[in-house]
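[1] any chance you could fold what I've pasted below:
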Amino acid sequence: MHYYKKSSSFALTKRTNSTVIMQVSIIIPVYNRASVVVNTLNSVVAQTYRPLQAVLVDNYSTDDTLRVLENFKKEHPSLDVVVTREEHHTAGAARNRGFEQATGEWVLFFDSDDLMDEELVESYVRVIEKAKLKDKPLDLISARSTLVFPNGDKRKAPFHKRDLFANHILHGQLATQRYAVRREFFASTDGWNIDLPGWNDWELGLRLLLASPRVAYMGGRSHITINHNGDDSITGTEFHSRQGQWENVINIMRNEVLSSNLKAEHIMRFERLLYYRRLVLAAQYQREGYPDLAKPLCQQAYNALRDTYHNNRRWRWIVGPVTRRLFARIAAGKRGSARIARLLY
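    Residues are numbered from 1 along each chain as shown. Below is the predicted model of the structure:
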């Protein structure tokens, strides 16, 4: 299946120079973020690594976003800045458009309300070059990040160097801003799903893993700040207003797992974890005060999990009761349930 628009070639752009130094491209889709994107762009300019390309994609904004992007290009002639537009109004379509313009050997996707530490790209390149010296080339690097919440609290996003499939399903470890990817490897995938308005990075992350990348993990401190700060956040802070969209993404991901070449036991485990994520979504609806949305989804997820265990003794005595407690914990706003789920399922 192909998610990019048929009018887009999605082919690798031929580089016009043969420089030995590796170029890195940062792709940022922007929609109506004229007052916010400036901070993100400043964090790009501040990067200690060069050569660096910034591909800025205006998703046909109705405010001054395009002017801000064009002014940024004029004000920074020493930086390779590409400003383009995409009329299909989803972030996935805009990111695919940006990828078509990217010339870097490695690519970073970034959101227009988040920030990168000045050494982010340089740190990625260190990992890449170190792997090359060991004759172990990479396709993808997972990095640490920090989440900022509406009340000003900050929290390190979950980051694990093992069990990446499970940790991506549970924690979104390959969210948009949290990795760098080799351009040729990404080009071999179907790109971003242009029809998903939400959780498109979660779905893409799973497909990238199903393509069997050579992965490294960038340890040390967090170099990425992801904004969950209320009205200024692209990510958003609630789920009930887009009920149905989230469930659709989970269904798509389950089908991708079922049709993969993974071992049967891995398919079963990841399917269970996706059912658990459906349970988590139901708990979020409950927490937001929408029990009419939560109850049927919770029961559906519970029944699906039970069926994968064939209602055996382990389900009845351990997994089933703990699953119900996990729902109650999440609905009450308590943390740590994903760690239990990773061991349970």
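[2] count the neighbours of residue 266 for me.
    14 (other Cβ atoms under 10 Å). All C-beta spots, glycine's among them, are computed from the backbone N, C-alpha and C.
[3] return the distance of it relative to residue 139.
    20 Å (Cβ to Cβ, to the nearest Å).
[4] just give me the neighbour total for residue 136.
    Neighbours of residue 136 (other Cβ under 10 Å): 10.
[5] show me what contacts it?
    residue 214 (Cβ atoms under 8 Å, 6 or more residues apart in numbering).
[6] helix/strand/coil for it?
    Classification of residue 136 using DSSP: H, G, I helix; E, B strand; the rest coil returns coil.
[7] so where's the stretch 1-150 of the chain uncertain?
    1-20 (pLDDT under 70).
[8] those strands in it, which residues are they?
    24-30, 52-58, 80-85, 106-109, 115-116, 140-143, 146-148 (DSSP state E, counting those that start in this stretch).
[9] please give me every residue in contact with residue 158.
    So residue 158 contacts 167, 170, 171, 173, 338 (Cβ under 8 Å, 6+ apart).
[10] out of these, which is nearest to residue 92?
    residue 173 (18.9 Å; Cβ to Cβ).
[11] pretty sure that closest one is touching residue 159, no?
    Yes - Residue 173 lies in contact with residue 159 (Cβ atoms under 8 Å); the separation is 6.7 Å.
[12] overlap in contacts, those two.
    Joint contacts of residue 173 and residue 159 (Cβ under 8 Å, 6+ apart) are residue 142.
[13] for the protein, just list every one of the helices.
    Assigned by DSSP state H, the helices in the chain fall at 37-45, 65-75, 91-101, 120-133, 164-171, 183-187, 200-210, 245-258, 264-287, 291-308, 313-314, 320-331, 337-344.
[14] who's in contact with the second one?
    So the one you mean is helix 65-75. 30-34, 37-38, 41, 56, 58, 81-83, 85.
[15] mind doing that once more with 6 Å?
    Under the criterion Cβ atoms under 6 Å, 6 or more residues apart in numbering, residues 30, 33, 34, 41, 56, 58, 81, 83 lie in contact with helix 65-75.
[16] show me which of those are buried.
    30, 33, 34, 41, 56, 58, 81, 83 (16 or more other Cβ atoms under 10 Å).
[17] picking up where we left off before, with distance to residue 317 added, can I get the strands of the stretch 1-150 of the chain in a markdown table?
    Converted to a markdown table, the strands of the stretch 1-150 of the chain look like this (distance: least, Cβ to Cβ, whole Å):
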| stretch | distance to residue 317 |
| --- | --- |
| strand 24-30 | 48 |
| strand 52-58 | 53 |
| strand 80-85 | 58 |
| strand 106-109 | 44 |
| strand 115-116 | 48 |
| strand 140-143 | 36 |
| strand 146-148 | 36 |
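[18] right, so of those, which gets closest to residue 46?
    Among those, strand 115-116 sits nearest to residue 46 (Cβ to Cβ), with 8.2 Å.
[19] thank you, goodbye.
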